[in-house]
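> Sharing a model prediction with you, sequence too.
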Amino acid sequence: MALPLYTLDPAVEEHLQLKTFEEKFDVKDFISSLSEKLIAQSKADAGPYDPKPFIRTFELAVDRLIAVRKELQKQTEAAETSVNSAERDYSKRMGEINGGFDTVTKSFTSMESKINEVGRTAIRVGEQLESVHVSRQRAQAAYDLVDYYNQFSRGDTSKLDALRKEGGRDGRAQTAIILRRLNVVAKEVDLPAADKTRDAIDKYCEKFEKDMLRLFDKCYRKSDPKMMAHCAQTLLDFNGGASCVQIYVNQHDFFISKHRVQDVNTVESNTLWETLPDPDVSPPKTEPGLAALFDDVRSTMKMESQIVQVVFPNPPAVMQVFLQRVFGQPIQQYIEQLLSKASGLSNLSFLRMLHLAHVQTSALVDYLKTFELTAISRPSSAGDRLSVSTPGGPASSGSSSTAVGNILDSAMEELFSREIGQYLERESKSLGELYSAFLSRFTKYHEIASKTKATGLFDRVVNQLGATTTSSTGSSGTTTAAKATAAFMKFSGITTSSAAAPAAASTEKDGKPAEDPVREADGELSVEVAEKMLKWHAEAVGRCVEFGASTEVPKQAFALLRVISEALGRSYVEAALDTAVARLDARDAKLEPSVAPLATLRSVDLICTLWQQYTNIALLPLASSSVTVRREMVIYNNQTIGRIESSVNTVLLKIMDAVIAWLAAQLAKQKKNDFKPKNDDLSFARVNTEPCQACCEMLEKVRDASMENLSGKNQEVFLTEIGVAFHGLLLEHLKKFPVSATGGLMLAKDLKSYQDTIASFNLPALQERFEFIRQLGNVFLVRPEILRGYITEGYLGRIDAQLLRPYLAQRADWGTFERGFDDEVPRSPATPAEQEQQQSKSRFGLGVGMGVGRLAGMMRDLEGLRIGFDELPNVSAYKPAGFSMPTMSLAGLGLPLTQQLPSTPNPGTPHVGPA
């Protein structure tokens, strides 16, 4: 083999070893390491670049790498051969091991089968032994019972006495079991002298029980819980342990303490009893004596629960007796005394005290329920293990386990069952008494008012004086006329409104003050009164929720709704409305009508708004569990509101009728020559005629009263009704009086006053009507030659000239130009413009033919403003802010309806109010 002409550099040779490729290998770094030295030499050589060193180096490197690859391939083939041989050896070895494991598994399976067979045999033997043992126990027990019975028949109890006295705790426990079974056997034996033996056994049993009870009492006084537990268990095995529990409860300090018994039997007097009957004072939250008693019960139960758990094998049964005694003796006695004393004060006092006791007792019961006790399973005594079960034996500890919660619930129910059964009747009676006493002066006032009618001249004078006094009192300051009126009424023995106050204050004779007479203020509606009545009712609702079962709450809520509806609706609101209607009916038509009833309607609005919001929030949710009761509540509530709506409608219509009649009466006082004066200087000295002044004053009073007491569409419709009716009166009025040129100026001033007064109503519909009246009045001022052109302009231009003839005929100079004015060109069929003119004629109240104004024609445009009960909005659509609610239509007043149901309007009931 020829040697290479060139050799590799040792550094390059080192990089071409196999270990270079065993670690992390990077081709770039590898090439760089091979050519690093050659690059340095090439850079150091100043001549041209010579690639030959690089070529030789890389050729040698490739040859060297080929040799390394061949060497590596040989090593790989040798390793594969070795691995294949090792795998064959491993597979052979695993086969041998698996065979040995299968052999061992089969051996263990065979051994397990044999062990199971032996175990089943042992179980059968054990069952047979247990059966033999039980039979032996039965035989031994039967033998012992016969032996003891024979000893008792002979009067010999030495063996049993020895067992009881020398056997210690186990001996006493075994004696208890033997005596219990002997007692059962003695009752079933029917042999000669069996009665004597039975009596002997009974006497011994009684003696044994007394001894155990004496021992239990001794240990109880020594505070020895272990010995007490032994006695309790022994007596439980003997006769159920009831006597032991009874002694423990009867001798407990909680029931025999003289201090505690004195506290229970004495109800202290304090400020609570002074404020308890007062409905305006919040009900008490606690009673000192009851709170102290319940605190004592809590502390006692906290300690006794631990003692009972340690001493008695059946703690729940013991706690049942203890709790029944606690609730049946001190708690019941004290609560009965509280209720008896409260019942002597008033029904409200009784209900408040009942609620207080019920709430505090509920809190006590919730606290006592935390002491849940379970029966303790104690190991049986030696005697019991050797004995057999016989009829009449002691009940197991598990069967005596009773939940403390059920015991407490039952005791709570028994404690208040009688009072809660009569709760609703007493609550309704209490509210009735409170409302009756609270509204007594209000009711008395309206009873007197409803019986009083102004029929004679003297009554009319009294009413007029009363009106003068009232109007003077309402204004700022006191006029001389008011003082004179009050003095006249005082010395005449007449009592009305505020004039009754000084007269009543001075009627004391012989040291006995006279009964305070009813005043005008006593008969006025007040939101504060309604708030107080609803506050009392809300307190009753709270008691209803506390006492009533979930299924009975809806019915009780409905009953309370009827109570508040009768008191606040019928006895309060409707009474005031009925009095207002009666006064309007009894008023003297010759006197100026009073608009004071509008203030009553304002109060009705606020009261009913508050009342219905209370019904929605406090009462209706209580009936959510019963759809039927809730529907009945809504219907009943709507019927109540419907009655109030009808009364409000009646009041409003009577006020309007009275005002309109008064305006007509004032216009009727117009003198025939008021608009045809003879003395021009005297006529011009007057600003307006007397009927005009009276009508304007009346309209201003109506405007002020309506703006103060009505709002929104209700106010608009009320004033519109008055304005439209007055407009019709003026149309008729202008056809009755002749008007001269000078009188036309007086008429124009009157009409201007009417227009200005109506303009203060701020109703565009009325302003248009009275602008027409003003223009109609100007026909008496224009010259005859321009009259024809004047009536064809403005509002008059929309009216047929023939319809204006009744008014033109009142001109003093009408006869001079009537013939020329009547010459008209024949008219063609009606055009659309003429049809509009015909509509305007009807709109301004001018009739066909003779031009007679018709009120029905004027009201046709206002029919869209009338509503009935079926169009009242739902109260749920409004959001109240305090007691000031948005106006909601109720007979034109804005009273809300609760859950308004569709209803048919009463055809006999007038409706006033906006759509």
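Now that the structure is in, tell me what you want to look at. Since we're looking at a predicted model, the values are computed, not measured. Numbers count the residues shown, from 1 in each chain.
> burial count for Ala665?
Counted with other Cβ atoms under 10 Å, the neighbours of Ala665 add up to 15. Placement of C-beta: from N, CA and C, glycine included.
> Which secondary structure element is home to it?
Per DSSP states H and E: Ala665 is located in helix 627-668.
> Which elements pack onto that helix?
Counting contacts by 3 or more Cβ pairs under 8 Å, 6 or more residues apart in numbering; DSSP states H and E, helix 627-668 packs against helix 553-564, helix 575-586, helix 597-614, helix 690-709, helix 712-733.
> okay but Ala200 is in contact with Gly155, surely?
Yes: counting by Cβ atoms under 8 Å, Ala200 touches Gly155, with 6.8 Å between them.
> The two: who's more crowded?
Ala200 (18 against 9).
> OK, contacts around that one?
Contacts for Ala200 (Cβ atoms under 8 Å, 6 or more residues apart in numbering) come out as Phe152, Ser153, Gly155.
> so of the residues you listed, which ones are in helices?
Phe152, Ser153 (DSSP state H).
> Export the contacts of Ala200 as JSON lines, with columns for pLDDT and distance to Ile55.
Converted to JSON lines, the contacts of Ala200 look like this (pLDDT from 0 to 100; distance: Cβ to Cβ, whole Å):
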{"residue": "Phe152", "pLDDT": "72", "distance to Ile55": "134"}
{"residue": "Ser153", "pLDDT": "70", "distance to Ile55": "138"}
{"residue": "Gly155", "pLDDT": "72", "distance to Ile55": "140"}
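> which one of the contacts of Ala200 sits closest to Leu415?
Set against Leu415, the nearest of these by Cβ to Cβ is Phe152 (48.2 Å).
> For burial, what's the neighbour tally of that closest one?
What Phe152 shows, counting by other Cβ under 10 Å, is a neighbour count of 21.
> For it, list the residues it contacts.
Leu182, Ala186, Thr197, Ala200, Ile201, Tyr204.
> What's the separation between the first one and Leu163?
Going from Leu182 to Leu163 by Cβ to Cβ, to the nearest Å gives 13 Å.
> Which residue of these two possesses the greater neighbour count?
Neighbour count, other Cβ under 10 Å: between Leu182 and Leu163, Leu182 has more, with 24 against 17.
> Now the element after the host helix or strand of that one, going C-ward?
Assigned by DSSP H and E, Leu182 belongs to helix 168-188. Remark: after helix 168-188, the chain's next helix or strand is helix 194-222, criterion DSSP H and E.
> what comes up buried for that following helix?
Residues 197-198, 200-201, 204-205, 208-209, 212-213, 215-217, 219-220 are the ones in helix 194-222 that count as buried (16 or more other Cβ atoms under 10 Å).
> can you give me the mean pLDDT across the next helix or strand after it?
As assigned by DSSP H and E, the chain's next helix or strand after helix 194-222 is helix 225-239. Taken as a whole, helix 225-239 has a mean pLDDT of 75.
> Please apply the same query to stretch 363-379.
Computed over stretch 363-379, the average pLDDT equals 67.
> cool, and stretch 742-751?
87.
> repeat for stretch 429-441
Rounded mean pLDDT across stretch 429-441 is 90.
> same question, stretch 63-79
Mean predicted lDDT for stretch 63-79 stands at 86.
> For the spatially most central residue of the chain, give its distance to Leu534.
Central residue of the chain (Cα atoms, centre = their mean): Ala618, 4.7 Å from the mean position. Between Ala618 and Leu534 the distance is 8 Å, computed by Cβ to Cβ.
> One more: Phe238?
65 Å.
> of those two, who's got more company?
Phe238 (24 against 20).
> and the more buried one, what is it in contact with?
Ala176, Ile177, Leu179, Arg180, Cys205, Phe208, Glu209, Met212, Pro394.
> Mind doing that once more with 6 Å?
By Cβ atoms under 6 Å, 6 or more residues apart in numbering, the residues touching Phe238 are Ala176, Arg180.
> And the contacts of stretch 286-304?
Contacts of stretch 286-304 (Cβ under 6 Å, 6+ apart): Phe254, Tyr334, Leu356, Gln360, Leu364, Tyr367, Leu368.
> now it: mean pLDDT?
Here the average pLDDT along stretch 286-304 is 84.
> and if you look at stretch 615-622?
The average pLDDT within stretch 615-622 is 92.
> I'd say Phe772 and Gly794 touch.
No: between Phe772 and Gly794 there is no contact under Cβ atoms under 6 Å: 8.4 Å.
> Those two: which is more packed in?
Phe772 (23 against 14).
> That one belongs to a helix?
Yes: counting by DSSP: H, G, I helix; E, B strand; the rest coil, Phe772 falls inside a helix.
> For Gly728, see how far away it is.
Phe772 is 12 Å from Gly728, by Cβ to Cβ.
> follow-up on the earlier one: most tightly surrounded among the helices and strands packed on helix 627-668?
For those, the largest average neighbour count (mean count of other Cβ atoms under 10 Å) is found in helix 597-614, namely a mean of 23.
> what angle sits between that one and helix 627-668?
170 degrees (axes from the mean of the first three to the mean of the last three Cα atoms, to 10 degrees).
> Give me the neighbour count for Leu803.
19.
> measure it to Leu731 for me?
Per Cβ to Cβ, Leu803 is found 11 Å from Leu731.
> With Ala292 instead?
In this view, Ala292 and Leu731 are 85 Å apart by Cβ to Cβ.
> what's the answer for Ala44, then?
Counting by Cβ to Cβ, the gap from Ala44 to Leu731 is 134 Å.
> swap in Ala549?
Using Cβ to Cβ, which is the criterion applied here, Ala549 is 69 Å from Leu731.
> try Glu87
Taking Cβ to Cβ, one finds Glu87 at 130 Å from Leu731.
> same deal with Ser760?
Distance from Ser760 to Leu731, by Cβ to Cβ: 21 Å.
> Same question for Ala658.
21 Å.
> The residue nearest to Ala661 when sequence neighbours are not counted: which element?
Excluding the flanking residues, the one nearest Ala661 by Cβ to Cβ, 6 or more residues apart in numbering is Ala589, at 6.4 Å. Using DSSP H and E, Ala589 is not contained in any helix or strand.
> How about Lys678?
Per DSSP H and E, there is no helix or strand for Lys678.
> what's the neighbour count on it?
The burial count for Lys678: 9, using other Cβ under 10 Å.
> show me the contacts for it.
Residues in contact with Lys678 (Cβ under 6 Å, 6+ apart): none are found.
> so where's the stretch 101-250 of the chain shaky on pLDDT?
Scanning the stretch 101-250 of the chain with the threshold set as pLDDT under 70 gives 164, 167, 192-193, 239, 241, 250.
> 80 instead, please
The stretch 101-250 of the chain contains residues with pLDDT under 80 at 137-138, 140-250.
> again with the stretch 351-500 of the chain
370-405, 449-500.
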